[in-house]
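In: take a look and give me a structure for this.
(chains A, B, C and D)
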There are 4 protein chains.
Amino acid sequence: MSTSTAKTMKGYGMKSVGAPGWLEKERPTPGPLDAIIRPTLVAPCSSDTHTMHGGAGPKENLILGHEALGEVVEVGNLVTKFKPGDRVVIPCVTPDWMAPGVQSGKSNAHDHGFMGSFKFLIQKDGVFAEYFHVNQADANLVHLPGDVAPEAALMTVDMMSTGFHSVELAEVAYGDTVVVIGIGPVGLMAVAGAQLRGAGRIIGIGTRPNCVKIAREYGATDIVSYKDGDLVQQVLEMTNGGADKVIIAGGGSDTFRQAVEMTREMGTIANVNFFDISDTLAMPAWSWGLGMSNKDIRCGFCPGGAVRIKKLLELIRYGRVDTTKIISHKFYGFEQMEDAFLLMDQKTPDLIKPVVYLDK
Amino acid sequence: MSTSTAKTMKGYGMKSVGAPGWLEKERPTPGPLDAIIRPTLVAPCSSDTHTMHGGAGPKENLILGHEALGEVVEVGNLVTKFKPGDRVVIPCVTPDWMAPGVQSGKSNAHDHGFMGSFKFLIQKDGVFAEYFHVNQADANLVHLPGDVAPEAALMTVDMMSTGFHSVELAEVAYGDTVVVIGIGPVGLMAVAGAQLRGAGRIIGIGTRPNCVKIAREYGATDIVSYKDGDLVQQVLEMTNGGADKVIIAGGGSDTFRQAVEMTREMGTIANVNFFDISDTLAMPAWSWGLGMSNKDIRCGFCPGGAVRIKKLLELIRYGRVDTTKIISHKFYGFEQMEDAFLLMDQKTPDLIKPVVYLDK
Amino acid sequence: MSTSTAKTMKGYGMKSVGAPGWLEKERPTPGPLDAIIRPTLVAPCSSDTHTMHGGAGPKENLILGHEALGEVVEVGNLVTKFKPGDRVVIPCVTPDWMAPGVQSGKSNAHDHGFMGSFKFLIQKDGVFAEYFHVNQADANLVHLPGDVAPEAALMTVDMMSTGFHSVELAEVAYGDTVVVIGIGPVGLMAVAGAQLRGAGRIIGIGTRPNCVKIAREYGATDIVSYKDGDLVQQVLEMTNGGADKVIIAGGGSDTFRQAVEMTREMGTIANVNFFDISDTLAMPAWSWGLGMSNKDIRCGFCPGGAVRIKKLLELIRYGRVDTTKIISHKFYGFEQMEDAFLLMDQKTPDLIKPVVYLDK
Amino acid sequence: MSTSTAKTMKGYGMKSVGAPGWLEKERPTPGPLDAIIRPTLVAPCSSDTHTMHGGAGPKENLILGHEALGEVVEVGNLVTKFKPGDRVVIPCVTPDWMAPGVQSGKSNAHDHGFMGSFKFLIQKDGVFAEYFHVNQADANLVHLPGDVAPEAALMTVDMMSTGFHSVELAEVAYGDTVVVIGIGPVGLMAVAGAQLRGAGRIIGIGTRPNCVKIAREYGATDIVSYKDGDLVQQVLEMTNGGADKVIIAGGGSDTFRQAVEMTREMGTIANVNFFDISDTLAMPAWSWGLGMSNKDIRCGFCPGGAVRIKKLLELIRYGRVDTTKIISHKFYGFEQMEDAFLLMDQKTPDLIKPVVYLDK
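Out: From the prediction side, this is the model:
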């Protein structure tokens, strides 16, 4: 695995906390099980800008990004299923499949430290680069199916996987009334995922017109806005005492309390929102029934690995969901990654999800 | 609870095995917890004709039928939620909620004998009558929502509840490939239910053109027919070694073997088909991986009770499924119950599900 | 159901908040499904004294108590399985089995209001009386098996059912490391229940010597005391980063935070502790992994009904657990209910659980 | 990874179907992720003799054995957690953790073909050799804890893991009545595992006195023998209509039918028995309630990997189970592997499980 041809490459990320910018870094090389990918289509995520602002602690000289499609350019000598030139979908979460956490049956394990399977976000340079590294390629890469549009596939790697996971955590059953707090891209995918798990009424909480429109297209039957009054009160009145399942897909620390209060006894709260390290999550004891309410409170980040993404791609192939609805902005060319990132940082009112086409 | 005003009534059913016909029976009276219902909309089911032909053993002078909407005409003195005049949906399965089986958390319990919670089918006169009896009205009746069409609601009481239960038994997960063997009314509901649980590819097995058409509308992506070759072989080829989940919603005793063979290792077979008492269900040991395949084999009949039906009605109210697609024939008037029943018995090629409107 | 023969009876409870004492109340009469029981063996519970002190809000002239064995003295005319003279075990939770909550499969439902299935605690006079009322006798009473000692059976109705439920909520698996916070009577039963669900290491948190002794007999491998330092720190060190499952069976509002901090990622916190209505339950976001930790937080009160108690009695009959170990004090005679209650209120250092024999 | 020092080694297995014997084979070398182990303690299993007799199809020149403790002698260059000299426990099932099956959360996956994670049994030379090969050492090896006796640890790798898995498959709940068909070493472990999952009554089916004795020590409350009459009839009478859970840990093809018939409605049948490739598994439709009984039928082989074994070792460390009770015969020295194997083949009446100490 000689690196005699090693050269540097360009990437976009953070120079230090609060300072986004272009970086020059060494081009990655694969270990025996790994692959090097040239990204062809990427998307910034609010966790990228969150990290840039220091939400994940002090970091510097770090390439960001974890949502990508790409072309394999190099593989380790133990990789058997992929070869240079293959077009691939890269899960944002790429576990070390030989670590203990995944042996317990969870692909979003915390091996090698907290959120250790979310390597692009936590442990190494991301995908906003000329090249990036994927561990255990045979277990973590997926060939891009010929019958799935690249943009649609790109949305599976985090937005759809995370949004659908919130529905799995919430254990949505046929006919359930489901509240989705926050109808940004993950919340919208949660709405779509809730409909595809058999939810009856789906109440989206949000305000921005384009998100509201797509939420309804994905199956939301009601929209609740803070502009019309207290959110908890509105949901309690609409649901005659609480929803069966409440999904937190956005919000601040107080959202935790609101979610518990909006949930009926025996219901479930499912969180996929990234709280801030300075937050305290608190609820009045009565809202949890003094500890007697049988309200489950669950959380988790995006499941990873190849099989997860393949399952989600099946839903696209068979027309169950159109993930491209959440793409609001398109950019073209490597340099425009910066514009896309800064747009994500500004969160303009019309923004849902930007993508950047890197191939000419 | 004097029966001094007791009078007889007319009903349709079986005089003896193989002899369908009109019967004159005593009008039922309610116990303290019960209700008497005048049916307004009913549907025959193939289990009715199966019973008439002796499939459930020797029976005589029995009114048949277990799918009905109706009007409450009398309630016991302990009933609090219903009163004469109420329009109600009646689950085909009406458990004794104070018996031990339901305390284990299953509404299709076998209290008071095998399938004892399916009282209309097993234990007493059915709904093809001027009046019928419902035990524990507060727990087993549902007010017909004003925003659900009666025909749509009628389909929940058995067809939808059973079809959707097969999907629950199969533990369908996002992106699963699901086979539904038999696309009669229950199988069609299983197809719709699989789509609403997040199935990717859905393979319906059947032949009749109208069923095939509706299966596709409900989400089937592929149709397999015995006319094109061995069913197992076809599915194994299409799925590259077996489906994730296989639902048996029709067929004979050999269907059991076929289902096991069609299922991939770690997959699940879910049966809601009524096998014949003379059947033997057999599989070659290799098809079950010599007992090492991790293929779960599950079965069960229609869950019952008010809450189950309310959950399914939510799916109709919020436009998740149109259950009326499976209604192929409509009859009008009490006397036409006979025509509807005999049509169900003949199973003409164009038959899916007949309904009979009893109100003028 | 005439009450022409109605007479008054004596009971012990609260005259008003903070004022325990003897009361004279009307003797209860059964509805058609109900039974009247003469208690023969009772036990006070800390929820009784908690209620007396106003923990459940303002109440007055209320007979307390919810743990009892007794003799049936009268049954409603629809009761079929019990008759006067039968010796019975009475679950502390006696659901209305015809209400919607139990149809979702949970015997500790919140029908008829919050904790509505815990009728003795929340909705009516308790068992510290000459007679008490049990709703739906056929579903909520259990014949005392001849081969189970009364004291052992008495411990099933709340202590064992609640303690074992905490283990069910925690989803203890083979080999798990389980922490039980609080080793009073419920916590001790949680320890026993954890061993009987396959826990490996069991860490009890407590200090009182007699509780520590019994905890070890029930399977605790380690005891942690606040006297030796910060509880969270001690557990994290012992477990190398957190326990698989943490059960809260006692403590104050800060116990919630401690439990979350003691739990490893992907683990589960299960609460059966009654928090105070004035408490706020709060955790730093980082302890829940910023909402990414996959730590489930669950709670619930004692499951109820006859089948639950029968299952627990099986464990006693077959020698799996000796529930009498937690009985620390024995009283004799109706009048001594007051002494037992006041002892429970004082919580002397040697107290675990007192029982009162009412039969001569 | 030069093999310039490659040499041959001795092993015991099958020359061809029906012909056990000593073999001379090439000493294995590790791939980059693998380890080579020198066995120090091994045990033959009935699957070994079953394979020798052709039960797994035609095979020749194959070293048998899959239960071993050993010393690491060589590791691949990517192995990080183990080094030569380490004393290790080797799970009999060693999945390829980068293959798709395990990503679905099951460590007994069928990757690389049927039972492909049971490599010693299906895919390569076994452990009855001077050296053997373990794939993905970091994920599949466990350091032998200093506080667990080697013999006790050896029993975890297949007997305990398989027996306890049958209890997991059966979903044993508190107070359940559990039948274990076959009380050989796996069945005995199922009995112990059932007690440790909270079973109430445990009925062992078997005849041999030493097995009966140990079954009782592990928690069996009743023993049923074919000598006393029809097995099904005996169990139905004892259980008043069927056990909650029935585990198949031995028997022939008719055992399948018996297990279904012994199970009450809503119960579960769990199979870990290796049926013969020529068997047909059949049940009368009525015994499965015509497909309406809600009896789940499940199967699976031994879960694998390091975490599984670590969890089981915890149960030994904390004194929850003494796995050495099932060891009936001890052999000493490499040559005695033949005697142990032939003893296992003969199945003398006093045999339960033999072990062979290979260290001087």
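In: what residues does the stretch 251-360 of chain A have near chain B?
Out: By the rule CB under 8 Å from any CB of the partner chain, the part of the stretch 251-360 of chain A lying against chain B is A:310-315, A:317-318, A:320. C-betas here are computed from N, CA, C, even on glycine.
In: would CSV of those residues with pLDDT and neighbour count be doable?
Out: Formatted as CSV, these follow (pLDDT from 0 to 100; neighbours: other CB atoms under 10 Å in any protein chain shown):
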residue, pLDDT, neighbour count
A:Lys310, 98, 19
A:Lys311, 98, 23
A:Leu312, 98, 30
A:Leu313, 98, 24
A:Glu314, 98, 22
A:Leu315, 98, 24
A:Arg317, 98, 18
A:Tyr318, 98, 20
A:Arg320, 98, 23
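In: closest to chain D among these?
Out: Relative to chain D, the closest of these is A:Lys310; by CB to the nearest CB it sits at 8.1 Å.
In: spell out which parts of the stretch 201-350 of chain A neighbour chain D.
Out: That would be A:305-308, which are the residues of the stretch 201-350 of chain A within reach of chain D (CB under 8 Å from any CB).
In: quick one, helices of the stretch 201-350 of chain A?
Out: In the stretch 201-350 of chain A, the helices defined using DSSP state H, counting those that start in this stretch lie at A:209-218, A:231-239, A:253-262, A:306-317, A:337-346.
In: follow-up on the earlier one: neighbour count for the residues of the stretch 201-350 of chain A next to chain D - can I get that in a markdown table?
Out: Formatted as a markdown table, these follow (neighbours: other CB atoms under 10 Å in any protein chain shown):
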| residue | neighbour count |
| --- | --- |
| A:Gly305 | 27 |
| A:Ala306 | 27 |
| A:Val307 | 21 |
| A:Arg308 | 25 |
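In: quick one: which two of those are the most distant?
Out: Greatest spatial distance in those: A:Ala306 and A:Arg308, 7.2 Å, computed using CB to CB.
In: which residues do those two both contact?
Out: With contacts defined as CB atoms under 8 Å, 6 or more residues apart in numbering or on different chains, the residues shared by A:Ala306 and A:Arg308 are A:91, D:103.
In: which pLDDT value goes with the residue in chain A that chain D sits nearest to?
Out: Taking CB to the nearest CB, chain D has its nearest neighbour within chain A at A:Gly105, 3.4 Å off. A:Gly105 carries a pLDDT value of 76.
In: report how many residues lie close to it.
Out: Neighbourhood size, A:Gly105 [other CB atoms under 10 Å in any protein chain shown]: 15.
In: do I have it right that it meets D:Lys106?
Out: Yes: applying CB atoms under 8 Å, one finds A:Gly105 in contact with D:Lys106, separated by 7.5 Å.
In: so which residues on the stretch 201-350 of chain A come close to chain C?
Out: Going by CB under 8 Å from any CB, the residues of the stretch 201-350 of chain A near chain C are A:248, A:253, A:265-266, A:271-286, A:288-301.
In: ok, now which ones touch the closest residue to chain C within the stretch 101-250 of chain A?
Out: Closest contact between the stretch 101-250 of chain A and chain C, by CB to the nearest CB, is at A:His110 (4.1 Å). For A:His110, the contact set (CB under 8 Å, 6+ apart) comprises A:101, A:116-117, C:265-266, C:289, C:293-294.
In: let me know the pLDDT of it.
Out: Confidence score, pLDDT, at A:His110: 87.
In: so where do the helices sit in the stretch 1-150 of chain A?
Out: Assigned by DSSP H, counting those that start in this stretch, the stretch 1-150 of chain A shows helices spanning A:46-52, A:100-103, A:119-122, A:137-140, A:150-154.
In: circling back: once you drop chain neighbours, what's closest to the residue of the stretch 101-250 of chain A closest to chain C?
Out: C:Glu265 (4.1 Å; CB to CB, 6 or more residues apart in numbering or on different chains).
In: and that neighbour, what does it touch?
Out: With CB under 8 Å, 6+ apart, C:Glu265 has these contacts: A:110, A:114, C:242, C:289, C:293-295.
In: taking these one by one, which sit in strands?
Out: Using DSSP state E, the subset of the contacts of C:Glu265 located in strands is empty.
In: export those residues to JSON lines and tack on distance to D:Phe128?
Out: Shown next, in JSON lines, are the contacts of C:Glu265 (distance: CB to CB, whole Å):
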{"residue": "A:His110", "distance to D:Phe128": "39"}
{"residue": "A:Phe114", "distance to D:Phe128": "43"}
{"residue": "C:Gly242", "distance to D:Phe128": "41"}
{"residue": "C:Gly289", "distance to D:Phe128": "46"}
{"residue": "C:Ser293", "distance to D:Phe128": "45"}
{"residue": "C:Asn294", "distance to D:Phe128": "42"}
{"residue": "C:Lys295", "distance to D:Phe128": "44"}
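In: buried subset of the residues you listed?
Out: Those of these that meet the buried threshold are A:110, C:242, C:289, C:293-295, by 16 or more other CB atoms under 10 Å in any protein chain shown.
In: now the most centrally placed residue in chain A: how far from chain B?
Out: Centroid-nearest residue in chain A: A:Asp158, 3.2 Å away (criterion: CA atoms, centre = their mean). A:Asp158 is 15 Å from chain B, where distance means CB to the nearest CB, to the nearest Å.
In: in contact with that residue, which residues?
Out: Counted by CB under 8 Å, 6+ apart, A:Asp158 has contacts A:45, A:66-67, A:92, A:302.
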